[in-house]
Each structure stands twice: as structure tokens, then as C-alpha cells.
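J.: Sequence first, then the predicted structure, then my questions.
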Amino acid sequence: MNCETVYSHVEDYFDSNVSPEQMRAISDHLDSCAPCRNRLMAEERFRAALRKSLLKPQPTDDAVWHRALESLPSQRLPSRSTSIRRQFLLAAAVAVLAVGGLLYQKFMRASSLLDLITADYHEYVRGEMDLSLQSSEFAEVSRFFESQLGVRIDQCSAPDERCRLVGGRTCYLNHVPTALLVFHQESEPVSVFVLPTSELHRFPRSSLIREGAFWKGTASGLAVCGRPVGDQLVCAVGDTNPESLEQLLESICVN
């Protein structure tokens, strides 16, 4: 697969709509082609920053426009009927500036694993992320990831009875194909990410602290817990206590 073919599939790639064979071919190409890898990483970060900025509620009150104009000398203030278009332009300008600031920060450094998994968690909580597969059957979710990523994720023991699986999807963390499983612990979502340990060099060193078999920490007010399982790293994040995340991770096997 060449560079032109890879980029022609970029939309489907980000939406997880490519076949397992296409995904492996694209991943193989990206492993050996730094320009394409950097281009897709930039595209991924731009999409995330743009979506975050445009979905953020923008001010609609005329007072915002009036306060801006009052700072200018001898400026006649517009009426409410003439300010609608200016409000739209103001909101668009705010969005563009926000995107620019986010892109500057993101392009100057690779995003940490903690930043990315907590960002995906919040995106799901806000209703901005759809699951490719919605199912409470672990076997069905396991088959989905085996076909998508070539990794089998099984349930080796029963988790807390309050915790139930709701579905999953493939996501890309610093361009690393990653399995995302979503559980609901009572009414609170818990996200579990599974990615190859061989790809951890793509992320800056995290601030997680080793406690026995687990790595633990907090990020954006959320508890984070991770542990290696075979050649995969399994991380859980949620607005809950670390012990619940430990129990959930202990119930997951990866082959």
C-alpha cells in the first residue's frame, strides 16, 4: 500500500470503517513511513481539537458583542436585530482561536497516554463518541476486537456485579490502534483501553505510580489504573475508586 492509497482511506480509517486486512496494511505502511505517520497524527489531533472547540457552547448574549464594541472609541453600537451575524462571526472567531491554541500545544509535543484516555472518556460522557458495537455480551465484543485488531479480549472472572459491559470501539491514541471497552458501574461509565506494550514508546512517560501489579494515578479528576497483561497494556479510567478499577482489570484477560 502506497502513501496515496493510505490517505485516500483516511476518513474510513478514523471512523473504524476499514476491513481488518486494510487496517493491517495501513498500519504496516505507517510503521515504515514517517511522513504518512506524522500526517495522520496531525490529522487526528486536528479533528479532536476542532470537534472539542466547535461543540463547546458559544456565547449568544448581545452583551458580549456590546462589551467588545464599547472598548472602541466613538463606535456606534448595533441593535439586536443587526447583531446576529456579528454574533456568529464572533463565535466563529472564538472557535478558530481556540483551535489554534490547542493545535499549537498539541503539535509541539506528543500527547501523553493519560491525556488521551481521559479525553476519550470525557468525549464518551458528553455523548460525542459513538460505540461501533453496543453489546453486553463479552464474547461478541471479544470477536469484534479479534477481527479488528487481532487481539482477543476475554472475561476471565466476574467483575463487580454492579459493573456491566455496554460495548466497544477501536480508537487511535497517538496513532496506535487501541481497543476501547465501555462499562457502566451503576450509573457511572468506566472506560478500559487495551493497546500493545510495544507501542508505549510513542507516549511521553506517565505520572502513574507502581503499586504491586498495578500502575495507579489520577488525571482530570478521574482515577486511572493500569497493568500489563501478556504483551498488552490494559488501562481503566473512571470517576470511581481505584479498587473498583483494579477489580475490573483483574477480570479481563488478553490473548
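T.: Noted; the coordinates are in hand.

J.: Provide a list of residues in contact with the closest residue to residue 202 other than its chain neighbours.
T.: Nearest non-adjacent residue to residue 202, counting by C-beta to C-beta, 6 or more residues apart in numbering: residue 174, 4.6 Å away. C-beta: built from backbone N, CA, C; applies to glycine. Neighbouring residues of residue 174 by C-beta atoms under 8 Å, 6 or more residues apart in numbering: 41, 110, 111, 113, 116, 202, 203.

J.: let's go with 7 Å and repeat that
T.: 41, 110, 111, 116, 202, 203 (C-beta atoms under 7 Å, 6 or more residues apart in numbering).

J.: from those residues, which single one is nearest residue 227?
T.: Ranked by distance to residue 227 (C-beta to C-beta), the contacts of residue 174 are led by residue 203 at 16.2 Å.

J.: doesn't residue 112 make contact with the closest one?
T.: Yes - applying C-beta atoms under 7 Å, one finds residue 203 in contact with residue 112, separated by 5.8 Å.

J.: Now do the strand or helix carrying residue 247: everything it contacts.
T.: Taking DSSP states H and E as the definition, residue 247 sits inside helix 242-250. The contact list for helix 242-250 (C-beta under 7 Å, 6+ apart) reads 157, 159-160, 163, 183, 185, 190, 192, 214, 216, 223, 225, 227, 234, 236, 238.

J.: repeat that for 10 Å
T.: For helix 242-250, the external contacting residues (C-beta atoms under 10 Å, 6 or more residues apart in numbering) are 156-160, 162-163, 181, 183, 185, 188, 190, 192, 211-214, 216-218, 222-227, 229, 234-238, 240-241.

J.: For PyMOL, write the select line for the buried members of the residues you listed.
T.: In PyMOL, a selection of the buried entries from those looks like this (16 or more other C-beta atoms under 10 Å):
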select buried, resi 159+163+181+183+185+190+192+214+216+217+222+223+224+225+226+227+229+234+235+236+237+238+240
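
J.: Give me the subset of the contacts of helix 242-250 lying in strands.
T.: Among the contacts of helix 242-250, the ones falling in strands (DSSP state E) are 163, 181, 183, 185, 188, 190, 192, 211, 214, 216-218, 222-227, 229, 234-238.

J.: where do the helices sit along the stretch 1-150 of the chain?
T.: 3-8, 10-14, 20-32, 34-55, 62-70, 84-107, 113-125, 138-149 (DSSP state H, counting those that start in this stretch).

J.: circling back: what would the helix holding residue 247 look like as PDB? C-alpha coordinates only.
T.: Output of helix 242-250 as PDB, limited to C-alpha atoms (Å, rounded to 0.1, in the frame of the first residue of the first chain):
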ATOM      1  CA  PRO A 242      -9.100   2.800  42.300                       C
ATOM      2  CA  GLU A 243     -10.100  -0.500  44.000                       C
ATOM      3  CA  SER A 244     -13.100  -0.800  41.600                       C
ATOM      4  CA  LEU A 245     -10.800  -0.300  38.600                       C
ATOM      5  CA  GLU A 246      -8.400  -2.900  40.000                       C
ATOM      6  CA  GLN A 247     -11.200  -5.500  40.300                       C
ATOM      7  CA  LEU A 248     -12.400  -4.700  36.800                       C
ATOM      8  CA  LEU A 249      -8.900  -5.100  35.300                       C
ATOM      9  CA  GLU A 250      -8.400  -8.400  37.200                       C
END
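
J.: So for it, what gets flagged as buried?
T.: So, applying 16+ other C-beta under 10 Å, buried residues of helix 242-250: 242, 244, 245, 246, 247, 248, 249, 250.

J.: Could you do stretch 117-133 as well?
T.: For stretch 117-133, a neighbour-count test (16+ other C-beta under 10 Å) marks 117, 118, 119, 120, 121, 122, 123, 124, 129, 133 as buried.

J.: Now the two most distant members of the residues you listed.
T.: 118 and 133 (22.4 Å).

J.: re earlier: by neighbour count, which of the contacts of residue 174 wins?
T.: Counting neighbours by other C-beta atoms under 10 Å, the top entry in the contacts of residue 174 is residue 116, with 21 neighbours.

J.: Contact partners for that residue?
T.: Residue 116 is in contact with 48, 110, 171, 172, 173, 174, 176, 178, 193, 203, 219, counting by C-beta under 10 Å, 6+ apart.
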